[in-house]
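*Asks:* build me a structure from this.
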Amino acid sequence: MCNIKEVADAAEMIINGYAFTKDGENVRVLNLNNPHKAAYLSRSGDILETSMDDIELEIVLEYYHKNRKYMEE
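*Replies:* Residues are numbered from 1 along each chain as shown. Modelled structure (predicted):
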């Protein structure tokens, strides 16, 4: 199991309990309230892998698309 504090500290942004962390050209997303729920996105927001249900994933994608400019270098 991951250390939630370490994930939160390493995240480029946290929105409503979801930590968004750059991983090379992709983005890792972790639900800090339920760490079994995670997603792996391409930089453009395509879903590469997920353990989230469809509704939660749509919410995360909306957060990402609205705020990804803050993750840009």
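*Asks:* mind listing the residues bridging to Tyr18?
*Replies:* In this entry, Tyr18 is beta-bridged to Ile15, Asn31, by DSSP bridges.
*Asks:* residues touching it, list them.
*Replies:* Tyr18 sits next to Val29, Leu30, Asn31, Leu32, Val60, Tyr63 when contact means CB atoms under 8 Å, 6 or more residues apart in numbering. Just so you know, the C-beta spots here come from the backbone N, C-alpha and C atoms, and that holds for glycine as well.
*Asks:* centroid residue for this protein?
*Replies:* Centroid-nearest residue in the chain, with CA atoms, centre = their mean: Val29, separated by 1.9 Å.
*Asks:* and it, how far from Thr50?
*Replies:* Counting by CB to CB, to the nearest Å, the gap from Val29 to Thr50 is 8 Å.
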